[in-house]
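Undergrad: model this:
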Amino acid sequence: MIVVWILIALGALCLLGAVTSVRVVQEFERGVVFRFGRVRPQTRGPGLALLAPLADRMQKVNLQVITLPVPAQDG
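TA: As a prediction, the model looks like this:
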């Protein structure tokens, strides 16, 4: 009986690790992946990004252009 509970707990931990290692990168974003604090050489493009559990962290960078209003000048 204890073995069954241990197997259920291990299965739940594996499932949790698999779920937390999947990220979605939108079309207007890029994902910068850090492995143990160091930047990986390639960015992740749009779509699903798979990360190594406990080793990788991903920061999303927005590529949208932000415009600011410019006041008119007297000439």
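Undergrad: And Ile8, its phi and psi?
TA: phi -60, psi -40 (degrees, to the nearest 10).
Undergrad: what do you get for the one 10 residues further on?
TA: When read as degrees, to the nearest 10, the backbone of Ala18 gives phi -70, psi -40.
Undergrad: Find me the pLDDT at it, would you?
TA: Model confidence at Ala18, given as pLDDT, is 81.
Undergrad: Over to Pro69?
TA: pLDDT at Pro69 comes out at 93.
Undergrad: and the next element down the chain from the lowest-mean-pLDDT helix or strand in the chain?
TA: Lowest by mean pLDDT, DSSP states H and E among the helices and strands of the chain is helix 2-20, with a mean of 89. Downstream of helix 2-20, the first helix or strand assigned by DSSP states H and E is strand 22-25.
Undergrad: Who are the packing partners of that next one?
TA: Strand 22-25 sits against strand 47-50, with contacts defined as 3 or more C-beta pairs under 8 Å, 6 or more residues apart in numbering; DSSP states H and E. Every C-beta, even on glycine, is put in place using the N, C-alpha and C of the backbone.
Undergrad: Centre of the chain to the strand it packs on, how far?
TA: How far strand 47-50 lies from its chain's middle: 8 Å, per C-alpha atoms, centre = their mean, to the nearest Å.
Undergrad: cool, and stretch 27-41?
TA: With C-alpha atoms, centre = their mean as the basis, stretch 27-41 stands 8 Å off its chain's centre.
Undergrad: Not counting that stretch itself, show me its contacts.
TA: Applying C-beta atoms under 8 Å, 6 or more residues apart in numbering, the external contacts of stretch 27-41 come out as 23, 25, 43-46, 49, 51-52, 55-64.
Undergrad: State the mean pLDDT of it.
TA: Stretch 27-41 comes out at a mean pLDDT of 95.
Undergrad: Tell me the buried residues in it?
TA: Neighbour-count burial for stretch 27-41 flags Glu29, Arg30, Gly31, Val33 (criterion: 16 or more other C-beta atoms under 10 Å).
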